[in-house]
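> quick check, what structure comes out for this input:
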Amino acid sequence: MSLIDTLVVKSLPLAPKGLVRIVSKKYIAGDTVHDAMKTVARLNAEGAMATVDVLGEFVERADVARHETDMAIKTLDEIIRARVDANLSVKLTSLGLAIDKEFCYENVLRVVTHAASLGSFVRFDMENSPYTTMTIELFRRVRDQFPKHCGIVLQAYLRRTEQDARELASEGSNFRLCKGIYIEDESIAYKGRDEIRDNYLRCLAIMFDHGSYVGIATHDDVLIDGAAAMIRERGLTREQYEYQMLLGVREPRRRQLIAQGHRMRVYTPFGKDWYGYATRRLKENPAIAGHIVKALFTGD
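Reported below is the predicted structural model:
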């Protein structure tokens, strides 16, 4: 981590909220689902698909979890109404996983049942390690009922992920594979850049070799190029995978991949919890801080 990244993260509590708001606009679609649909329409016009995320996680009250469930369902409806090419991403702690697993299951089943009725798709985001096993368990239960309408995220920096990938791929799961952003202990997570990259590519190969559809979620050129080599070697068609990036991040590279003929999906968060999202992501991944400082001075 660079000195400037460290300084920016430590000074976050002192930064005016309005300043964080200005910077975060590039990375968050807005406060409302209608803002999100406008952003998705723009992305579609550029040749990208989207996955829409209602900001909010680590919910501790049942009424809030029910509200978040209703918002997820509303977002699915708005995607259809707006006629955009997008699906939905959900964090299970927003639907009550931190309250009670069965309560969360009921909520996420409502969401995926509704998605299936619309011919849509829901991605189960992966959160920090206390929720990994429960997320996989709930995903399996829902996937067995709606195998074409839901998928899961695995994080390559976790030591367990290679085995999770083997088991879930053998069951016909649909994946998003990312590096992982939460701070975890070295006993359960790889820390070195190269070992995380190596595990990412190992897991990706496992998924491809089992015939899984994979969202290759990364901004790392080493992984983008490594994935492209695997795609060529296996003779995969563009219908068997997609690249994924975050809204507002590495847009020239995103456009380049689209121009090369790859499918691209952009993670598009929206909601009133923008401040929590922005500050959490900075604290969890301080390297992003440098990009924000650059944005402040250059507008890029």
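> tell me how far stretch 141-157 lies from the chain's centre.
Taking C-alpha atoms, centre = their mean, to the nearest Å, one finds stretch 141-157 lying 13 Å from the centre of the chain it belongs to.
> just stretch 220-227 next, same as before
18 Å.
> dump the C-alpha coordinates for it into CSV.
What follows is stretch 220-227 as a C-alpha-only set of coordinates in CSV (Å, rounded to 0.1, in the frame of the first residue of the first chain):
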residue,chain,number,x,y,z
ASP,A,220,-6.2,-7.0,-13.2
ASP,A,221,-4.6,-7.2,-16.6
VAL,A,222,-2.7,-10.3,-15.6
LEU,A,223,-6.0,-12.1,-14.8
ILE,A,224,-7.8,-10.6,-17.8
ASP,A,225,-5.1,-11.8,-20.1
GLY,A,226,-4.8,-15.2,-18.3
ALA,A,227,-8.5,-15.7,-18.7
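> quick check: buried residues in that stretch?
223-224, 226-227 (16 or more other C-beta atoms under 10 Å). All C-beta atoms are positioned from the backbone trio N, CA, C, and that covers glycine.
> next: stretch 166-181.
Quick answer for stretch 166-181 (16+ other C-beta under 10 Å): 168-169, 173-181.
> so which of these sit within helices?
168-169 (DSSP state H).
> which of the buried residues of stretch 166-181 sit farthest apart?
With distances taken as C-beta to C-beta, the most widely separated pair in these is Ala169 and Ile181, at 22.6 Å.
> and the buried residues of stretch 220-227 as TSV, adding secondary structure, pLDDT and distance to Gly271?
Formatted as TSV, the buried residues of stretch 220-227 follow (DSSP: H, G, I helix; E, B strand; the rest coil; pLDDT from 0 to 100; distance: C-beta to C-beta, whole Å):
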residue	secondary structure	pLDDT	distance to Gly271
Leu223	helix	98	29
Ile224	helix	98	29
Gly226	helix	98	33
Ala227	helix	98	30
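> just the closest of those to Asp185, please.
Closest to Asp185, out of all of those and judged by C-beta to C-beta, is Leu223, at 23.6 Å.
> tell me how far that closest one lies from Asn199.
Look at Leu223 and Asn199: by C-beta to C-beta, to the nearest Å, they are 11 Å apart.
> so where's the stretch 151-300 of the chain shaky on pLDDT?
Scanning the stretch 151-300 of the chain with the threshold set as pLDDT under 70 gives 279-300.
> please name the nearest non-neighbouring residue to Lys272.
Asp31 (5.4 Å; C-beta to C-beta, 6 or more residues apart in numbering).
> name the SS class of that neighbour, please.
Following DSSP: H, G, I helix; E, B strand; the rest coil, we place Asp31 in the coil state.
> pLDDT value on it, please?
At Asp31, the pLDDT value in this model is 93.
> and for Ala65, the neighbour number?
Ala65 has 25 neighbouring residues, counting by other C-beta atoms under 10 Å.
> for it, what are its contacts?
By C-beta atoms under 8 Å, 6 or more residues apart in numbering, the contact set of Ala65 is 59, 94-96, 99, 103-104, 107.
> just the buried ones from those?
Buried among these (16+ other C-beta under 10 Å): 59, 94-96, 99, 104, 107.
> if we can go back for a sec, quick one: which of the buried residues of stretch 166-181 is nearest Leu204?
Leu177 (5.8 Å).
> how near is the closest one to Leu257?
Distance from Leu177 to Leu257, by C-beta to C-beta: 16 Å.
> Thr75 touches Ala36, doesn't it?
Yes - Thr75 is within contact range of Ala36, at 7.4 Å (criterion: C-beta atoms under 8 Å).
> what do those two both touch?
With C-beta under 8 Å, 6+ apart, Thr75 and Ala36 have common neighbours Val52.
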